[in-house]
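Undergrad: task: produce atomic coordinates for the following.
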Amino acid sequence: MLLSCLVLLLVASAGVGCFSHPAARTSSGGQVPDDAVPASAMPGMFASPSSSLGPDSATQPGAPLPGMPPLLDPNDVYAADRPGQLSPAVSGDPQLVYVPNLGSGTVSVIDPKQYKVIRTVRVGAGPQHVVPSWDLRTLWVNNDLGNSLTPINPATGAFGKPVPVADPYNLYFTPDGKFAIVMSEAKHEIVFRDPHTMAVRKVVHVDCGGVNHADFSADGRYFIATCEFTGDLLKVDTLGQKVVGRLHLPARSPMPQDVKVSPDGRTWYVADMQTSGLWIVDGDQFRVRGFLHTGNGAHGLYPSRDSRWLYISNRGEGSISVLDFGTGKLIAKWRLPGGGSPDMGGLSADGKVLWLSGRYHGVVYAIDAHTGRLIARIPVGSQPHGLCVWPQPGRYSLGHTGIMR
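TA: Numbering: from 1, shown residues only. Here you go, the predicted structure:
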């Protein structure tokens, strides 16, 4: 019923476009849709994808990573993220939206009930993302140019003393909670650190440019990271802490950004800002299966709280595309009134509001997650980036702006 209402609203609303009529949802998995273009069928533009370490290097699925909490549903990695399903560890945390302003060196704190900034806190230079820790008890501000992480106590909203960390563009946590993973984009490194003190445990040098976003397989045994400046994907063995595959995306000038695995763990979606769409990837075999055009500057990826849809922010054209996980088809496109630059963000705890930073407009967008209606446009600092909505449902965090499981 909800999906039918969505389609009717999309057709009737000004400034809102729609793709083909949505097919009935058949599963929680990620299928290759009929309208996806195979990588091998793009003459003149694409070459065959290749993995520099060869097909035998692919990490095969198996038993879950030791120490990783078991999935609530083996067919849905997001089963713990249902609306309002808060961990006791965060149930008392105030509802706030933390917005790192890259150009201002500040974090804007938004009251989501009033849709307004209630305070602005200065942090280190070049804050990129606000990241929940594995145990949900700390939010880390990634001060990339300031070479530090600023801790926030989510129970009080208090900002703490910065922790020295070199080049922390992005931050993740292994599914067993034993390591923090710092994506050091400028240093060409993936750095495994203590998840609490941030002391270095192992440095993995990577032979690609712009390593930044990542997601983990359903069993937690590997993660796939994007290298935006060289157009590559890296496959990293979580337990072995080593790169086991490198895959170059088959386009003229690919620029991969965010990456998310489908609910059933079988399909990976990679946003490509330059090629303007989603790469459909087989993570286990580490090969490209196809490409789906979404819109100019495809950037951020966010699953809905019921595991049905994937929201794709198209930063270059001011729109959000919606993909149905069950069919693998695009079912809607929502255009921001007057345009915009939707970037990174996340969903409210109840799943009703999609919060996205407006990277080049100095604002944050609050968007109805069912209809695409713009609820509010909130002025913040310069170049807002990876905002974090808190609290969020889930038992633990894998990092970024809230990859919860």
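Undergrad: could you pull out the helices for this protein?
TA: Listed in chain order, the helices of the chain (DSSP state H) span 2-12.
Undergrad: the spatially closest residue to residue 182 that is not a sequence neighbour and residue 103, how far apart?
TA: In space, residue 182 comes closest to residue 191 once its chain neighbours are excluded; the distance is 4.4 Å by CB to CB, 6 or more residues apart in numbering. Quick note: C-beta positions are derived from backbone N, CA and C, even for glycine. The spacing between residue 191 and residue 103, counted by CB to CB, to the nearest Å, is 25 Å.
Undergrad: one more: residue 299?
TA: Taking CB to CB, one finds residue 299 at 17 Å from residue 103.
Undergrad: who has more neighbours, these two?
TA: residue 299 (25 against 15; other CB atoms under 10 Å).
Undergrad: the more buried one contacts residue 257, correct?
TA: Yes. Between residue 299 and residue 257 there is a contact under CB atoms under 8 Å: 4.9 Å.
Undergrad: what touches both of those two?
TA: 271, 273 (CB atoms under 8 Å, 6 or more residues apart in numbering).
Undergrad: burial check on the residue nearest to residue 190 when sequence neighbours are not counted, number of neighbours?
TA: Of all residues not flanking residue 190 in the chain, residue 204 sits nearest, at 4.4 Å (CB to CB, 6+ apart). Neighbour count for residue 204, taken as other CB under 10 Å: 17.
Undergrad: ok, residue 204 to residue 170 distance?
TA: Residue 204 is 15 Å from residue 170, by CB to CB.
Undergrad: for residue 142, same thing?
TA: 6 Å.
Undergrad: leaving out chain neighbours, which residue sits closest to residue 72?
TA: residue 79 (4.1 Å).
Undergrad: spatially, what comes nearest to residue 64 if we skip its sequence neighbours?
TA: In space, and not counting its chain neighbours, residue 64 is closest to residue 219: 4.8 Å by CB to CB, 6+ apart.
Undergrad: do residue 78 as well
TA: Using CB to CB, 6+ apart, the closest residue to residue 78 is residue 307 (4.7 Å).
Undergrad: residue 190 - how many residues pack around it?
TA: For residue 190, using other CB under 10 Å, the count is 24.
Undergrad: also residue 229?
TA: 14.
Undergrad: cool, residue 73 as well?
TA: Neighbour tally, residue 73, other CB under 10 Å: 14.
Undergrad: give me the number of residues near the nearest residue to it once chain neighbours are set aside?
TA: Excluding the flanking residues, the one nearest residue 73 by CB to CB, 6+ apart is residue 79, at 3.8 Å. Using other CB under 10 Å, the number of residues around residue 79 comes to 17.
Undergrad: contact partners for residue 79?
TA: Contacts of residue 79 by CB under 8 Å, 6+ apart are 71-73, 307.
Undergrad: where in the chain is pLDDT low?
TA: Within the chain, the segments meeting pLDDT under 70 span 1-62.
Undergrad: what's the first-to-last distance across stretch 205-213?
TA: End-to-end distance for stretch 205-213: 16 Å, by CA to CA, to the nearest Å.
Undergrad: pretty sure the residue nearest to residue 182 sits against residue 181.
TA: Yes. Judged on CB under 8 Å, residue 191 makes contact with residue 181 at a distance of 7.1 Å.
Undergrad: those two: which is more packed in?
TA: Higher neighbour count among residue 191 and residue 181: residue 181, with 25 against 22, using other CB under 10 Å.
Undergrad: count the residues that sit near the nearest residue to the more buried one once chain neighbours are set aside.
TA: With CB to CB, 6+ apart as the criterion, residue 181 has its nearest non-adjacent residue at 4.3 Å, and that residue is residue 172. Per other CB under 10 Å, the neighbour tally for residue 172 reads 24.
Undergrad: got it, and the one 10 residues further on?
TA: Counted with other CB under 10 Å, the neighbours of residue 182 add up to 27.
Undergrad: what bridges to it?
TA: residue 171, residue 191 (DSSP bridges).
Undergrad: tell me which stretches of the stretch 51-200 of the chain form strands.
TA: 96-101, 106-111, 116-122, 127-132, 139-143, 148-153, 158-159, 163-164, 170-173, 180-184, 189-193, 200-205 (DSSP state E, counting those that start in this stretch).
Undergrad: relative to residue 242, which of those is closest?
TA: Counting by CB to CB, residue 242 lies closest to strand 200-205 out of those; the figure is 6.5 Å.
Undergrad: for residue 192, see how far away the nearest residue to residue 147 once chain neighbours are set aside is.
TA: Among residues not flanking residue 147 along the chain, residue 166 sits closest, at 5.3 Å (CB to CB, 6+ apart). Distance of residue 166 to residue 192, given as CB to CB: 13 Å.
Undergrad: okay, these two: which has more neighbours?
TA: residue 192 (19 against 15).
Undergrad: go ahead and confirm that one touches residue 184.
TA: No. Contact criterion CB under 8 Å: residue 192 and residue 184 do not qualify, at 11.3 Å.
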